[in-house]
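Chemist: I'd like to go over a predicted model; first the sequence, then the structure.
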Amino acid sequence: MILVRRAFSAFAAVAIAAAMAGCTDDVPVAYSEKASGDVLRIQVGGEGYRDVLEHVTKNHLAGDLKLELVDAAPDANAQVADGKSDLAFYQTQPAFLGNQQADDHSTLSIVSKVDVAPYALYSSKWKDLKPTQDWLNSNLLADKITGTSLPHGAEVAVPETKAGFARSLYLLQTVDLVKLDRPFGGLSVADLSVSDANVLDSQRHLAIRGIDFTEYAEDIYHNYDAVILDPTTASSIGLVPATDALAIEPGPGNPYSRVLVAPARLAGDARVSALAHALEGKETAQYLNTTYRGKFISAQVPFEP
């Protein structure tokens, strides 16, 4: 059984529907070990975007490739489509697909799924997710706790937003705490908006509460048996995914990967191919692990704390 109480954000369903109204295949690239030529101008986002690109160029992971990094403008995709910039690296896959449909940027495509800002499961009360027969809040018999694993009947607070709630359910499924009617990784509107209606089984009989973490994240963390947080919220209360999380959303196959976007005119360009190869490689994955400790993880290489 699964108990769910939550309030959805009014704009969430509309945002996801817009995001998934259009889709595109990745531009085929033939990877090159080295690249040379003119500088590539990239519209780049904030934390975890710019420094990854700087790491690639500083360590020559894409050969002698030269990049000009400019802060992503509100019309960054349009600038790439119009030839004012060469690439864009500032958005998640659903955000790009939504922007592509809304602004008719049909000449733009994803050339690399680089990394993920993963949601993670934390607890101030329980140490692990090992199988247990312990119960809380059963209303049938007294609580029976003999260990330190997350018990049956535990209350889990998750983000109340449509995307946050869906990602939380998928995370719980990856660690066998719930079973959904679909696997993780789909990009359809239905896939990205799963809810309690998609839960086939709650193996640990969790009571899932959709909550707004904006102001009281730390209090919620201490008052619930477990919480699922995005990495920014977790960091704001001193939690480090690599050392504090009981489970972390996977990188490979994650539909919320942050993506490098290129125009059709650069399809097969050796410089873009080399950059994509470097961003998806083990060296970049290790850089993310060492630098961010689970706040950002590779979308291609499994995370190893």
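Modeler: Right, received. Where do you want to start? Computed from a predicted model, the values in this text were never measured in an experiment.
Chemist: ok, G210 touching E160?
Modeler: Yes. At 3.7 Å, G210 counts as touching E160 under the criterion of Cβ atoms under 8 Å. C-betas here are computed from N, CA, C, even on glycine.
Chemist: same question for the longest strand belonging to the chain, mean pLDDT?
Modeler: The longest strand of the chain (DSSP state E) is strand 108-116. Mean per-residue pLDDT for strand 108-116: 96.
Chemist: mind listing what that strand pairs with, with the direction of each?
Modeler: strand 258-263 (antiparallel), strand 297-298 (antiparallel) (DSSP bridges).
Chemist: which of those is buried the deepest?
Modeler: Among the strands paired with strand 108-116, strand 297-298 has the highest mean neighbour count (mean count of other Cβ atoms under 10 Å), at a mean of 28.
Chemist: mind listing residues that contact that one?
Modeler: Identification of contacts with strand 297-298 by Cβ atoms under 8 Å, 6 or more residues apart in numbering yields 114-116, 118, 248, 251-252, 280, 284-285, 288-289, 303.
Chemist: returning to that earlier point: need the CA coordinates for the longest strand of the chain. PDB is fine.
Modeler: Extracted C-alpha coordinates of strand 108-116, given in PDB (Å, rounded to 0.1, in the frame of the first residue of the first chain):
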ATOM      1  CA  LEU A 108      19.000  22.200 -33.300                       C
ATOM      2  CA  SER A 109      19.700  18.700 -31.900                       C
ATOM      3  CA  ILE A 110      21.300  17.100 -28.800                       C
ATOM      4  CA  VAL A 111      24.800  16.000 -29.500                       C
ATOM      5  CA  SER A 112      25.800  15.000 -26.000                       C
ATOM      6  CA  LYS A 113      24.000  14.000 -22.800                       C
ATOM      7  CA  VAL A 114      26.700  15.200 -20.400                       C
ATOM      8  CA  ASP A 115      25.700  15.100 -16.800                       C
ATOM      9  CA  VAL A 116      22.800  15.100 -14.200                       C
END
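Chemist: which residues in the stretch 151-300 of the chain form strands?
Modeler: Secondary structure of the stretch 151-300 of the chain by DSSP state E, counting those that start in this stretch: the strands cover 155-159, 179-180, 199-201, 207-211, 226-229, 247-248, 258-263, 297-298.
Chemist: turn the strands paired with strand 108-116 into TSV, columns for mean pLDDT and distance to S202.
Modeler: Converted to TSV, the strands paired with strand 108-116 look like this (pLDDT from 0 to 100; distance: least, Cβ to Cβ, whole Å):
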stretch	mean pLDDT	distance to S202
strand 258-263	96	31
strand 297-298	97	27
